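**Q** Take a look and give me a structure for this.
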Amino acid sequence: MAESPVPGSAPAPAADTVTVTVDGHAHTFPKGTNLLEACNQVGANVPFFCYHAGLSSPAVCRQCLVDVKGQPKPVPSCYTPVADKMEVTTNSAKVLDIRRQMLEFTLLNHPIDCPICDKAGECTLQKHYFDWDGKFSRNDGIKVHKDKVVDIGKHIVLDQERCILCTRCIRVCDEVAKSPDLVMANRGDHEVLTTAPGRSLDNPYSLNTVDVCPVGALTSKDFRFAMRAWELVATPSVCPGCATGCNIEVHASRDTVYRLVPRINPAVNKHWMCDEGRFTYKTVRQSRVVAPISGGQAVEWDRALDDAAAGLKAVLDRSPLGVGVVLSAQSTNEDLHALARLAFDHLGVQKAYVAGKDEGWHDDILVSADKNPNTAGAKAIGGGRLRSLADLSRDLKAGSLVALLVLGEEGVLGADPATMPLDKLDTLVVLACHHNDLVDAAKVVLPLTAWAESDGTFTNKLGMVQRIRAALAPAGDSLPGWEALSHLARRLGATMEFTTAKQVFIEARDKHPFMRGADWGRPILPVQLRFANSRG
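**A** This next block holds a predicted model:
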């Protein structure tokens, strides 16, 4: 959208644009633009409840009415496309009065339980009330009461009294999840949101209904009464649950993650994310490796690094071909680049393998079978030298591996640990986030930060290099993989002086073709959550 520099005038529109006058000022918009979006792009601040940019427009709340010249009565802007030479007034006395009346009607039977509502602080109804009305209720009678704390699915609780009948949740189920789980029942002031006959709200995208609900009618069992929204800090990141790489926000407070919510990216996940991905935060602080370990004992970093370097160097000096490395599809591009540079460029390691989570359930909406966030990055950085875990098993059994340096503990042992005879190794050094059988078998363990504690990038299945940002302080004495590997490199006589994740990213971008053109991005500071924006 390009705005005319002179109020009241606009250049002749191109063939694919139209000229619309909004509140006396002419603007050009692409053909087909929604009138509500057009008005709000130029600062008209037209309110709404039922409209959502990622869903169809039913025009049921009548909160977004505007005057259009030539129309006998105000029109719902969410349902109206722009037209050439259209003249729109969004702030006439008549329009403002209608909005206040519609808002009062919406509030007529609404319970005033904001102090205990999970949506308080990010509720669109709260926001519009303070922006547009702010008056005491004229209803001095008894409000219509409906069912509260209704269990309608695995993850969702419904409060029918709070529902303002906007139908956003119904459209999410129908249009996004392709699962018609929700309907409206009854009529008039007894109309309620409920589940369709014989169904429950258990589709794989059910928690998106909580995101789009403009009030606190639909709440997440996982987040319910856990934290006030205004105490959360939102950090932009990427979901680590699969290779799709949905853009998300990590909502945390006092170094604890409370929820993950989708962040808009039209090229990847649009406005949505799956329920499975939302719960990946649960494991961030579980069974963590919080200190270096050597010989089964917690030690200082210097001791662990010296022991790791000594074990690797002894094998390198005796049999350089006996050393192998394992790259993880769970690790960032930066950690993988640091390992590749140390192993391939400095130590001359020839044997390299790739590990990660096994494939799992998938669909044709967002969920990928590949449950690793960076398989594409690991394979591109490892290159043609990468081999499978089956090859690792054969090499271990054949005795051709004497030492192994492993980045990430996930999936290395596979479904059957007996296929990986690690006891044949002289040295096993593991950089790990979480305790498991591989970590227990290691001679030296170096603690890694988890994805929510790290700055870096993942490469999704579309080849898009996307930024993750640290939302939490590192657990215990853990370090990012690239930093731990830099310290280890110095003890192995390698010159690898990385000091920031961005420095590693820039070097990796210059070296690896798949990262060319990738942008580290402007520094984005975590922001305190405020009222929900107009998109709900």
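
**Q** what about the strands in the stretch 401-536 of the chain?
**A** Ranges of strands in the stretch 401-536 of the chain, per DSSP state E, counting those that start in this stretch, are 403-407, 427-432, 444-447, 456-459, 465-468, 527-528.

**Q** which stretch among these comes nearest residue 297?
**A** Among the strands of the stretch 401-536 of the chain, the nearest to residue 297 by C-beta to C-beta is strand 444-447 (10.5 Å). Just so you know, the C-beta spots here come from the backbone N, C-alpha and C atoms, and that holds for glycine as well.

**Q** Distance from the closest one to the middle of the chain?
**A** Centroid displacement of strand 444-447 relative to its chain, using C-alpha atoms, centre = their mean, to the nearest Å, is 29 Å.

**Q** just checking, what packs against that strand?
**A** Judged by 3 or more C-beta pairs under 8 Å, 6 or more residues apart in numbering; DSSP states H and E, strand 444-447 is in contact with strand 293-294, helix 301-318, strand 427-432.

**Q** hey, which of the ones you listed is tucked in deepest?
**A** Of these, the one with the most neighbours on average (mean count of other C-beta atoms under 10 Å) is strand 427-432, at a mean of 25.

**Q** which one of the strands of the stretch 401-536 of the chain lies closest to residue 96?
**A** Nearest to residue 96, of all the strands of the stretch 401-536 of the chain, is strand 527-528, at 30.7 Å by C-beta to C-beta.

**Q** Report the rounded mean pLDDT for the closest one.
**A** In this model, strand 527-528 carries a mean pLDDT of 47.

**Q** Can you add distance to residue 500 and give the strands of the stretch 401-536 of the chain back as a markdown table?
**A** Shown next, in a markdown table, are the strands of the stretch 401-536 of the chain (distance: least, C-beta to C-beta, whole Å):
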| stretch | distance to residue 500 |
| --- | --- |
| strand 403-407 | 19 |
| strand 427-432 | 19 |
| strand 444-447 | 19 |
| strand 456-459 | 11 |
| strand 465-468 | 14 |
| strand 527-528 | 22 |
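
**Q** So what touches stretch 260-269?
**A** Identification of contacts with stretch 260-269 by C-beta atoms under 8 Å, 6 or more residues apart in numbering yields 208, 211, 236, 239, 244-251, 270-273, 277-281, 366, 460, 462, 464, 466, 535.

**Q** Can you flag which of these belong to helices?
**A** 208, 211, 277-278 (DSSP state H).

**Q** Quick check: closest non-adjacent residue to the spatially most distant residue from the centre of the chain.
**A** Distance from the C-alpha centroid of the chain peaks at residue 318, with 46.7 Å (C-alpha atoms, centre = their mean). Spatial nearest neighbour of residue 318, excluding adjacent residues (C-beta to C-beta, 6 or more residues apart in numbering): residue 402 at 7.8 Å.

**Q** if we can go back for a sec, among the strands of the stretch 401-536 of the chain, which is nearest residue 163?
**A** Closest of the strands of the stretch 401-536 of the chain to residue 163 is strand 527-528, at 28.1 Å (criterion: C-beta to C-beta).

**Q** Looking at the strands of the stretch 401-536 of the chain, spot the one closest to residue 121.
**A** Across these, residue 121 has its closest neighbour in strand 527-528 (10.2 Å, C-beta to C-beta).

**Q** returning to that earlier point: quickly note the distance from the residue farthest from the centre of the chain to residue 427.
**A** Residue 318 is 11 Å from residue 427, where distance means C-beta to C-beta, to the nearest Å.

**Q** Identify the contacts common to those two.
**A** Joint contacts of residue 318 and residue 427 (C-beta under 8 Å, 6+ apart) are residue 402.

**Q** so can I have JSON lines of the helices and strands packed on strand 444-447 showing mean pLDDT?
**A** Conversion of the helices and strands packed on strand 444-447 to JSON lines gives the following (pLDDT from 0 to 100):
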{"stretch": "strand 293-294", "mean pLDDT": "98"}
{"stretch": "helix 301-318", "mean pLDDT": "96"}
{"stretch": "strand 427-432", "mean pLDDT": "97"}
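
**Q** Now distance to residue 504 too, for the ones you listed, in a markdown table please.
**A** Converted to a markdown table, these look like this (distance: least, C-beta to C-beta, whole Å):
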| stretch | distance to residue 504 |
| --- | --- |
| strand 293-294 | 25 |
| helix 301-318 | 18 |
| strand 427-432 | 15 |
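
**Q** And these: which comes nearest residue 43?
**A** Across the helices and strands packed on strand 444-447, residue 43 has its closest neighbour in strand 427-432 (50.3 Å, C-beta to C-beta).

**Q** quick revisit: what's the separation between the residue farthest from the centre of the chain and residue 422?
**A** Noted for residue 318: a distance of 19 Å to residue 422, by C-beta to C-beta.

**Q** same thing with residue 242?
**A** Using C-beta to C-beta, we find residue 242 at a distance of 28 Å from residue 422.

**Q** neighbour-wise, which of those two wins?
**A** Relative neighbour count places residue 242 above the other of residue 242 and residue 422, with 27 against 19, counting by other C-beta atoms under 10 Å.
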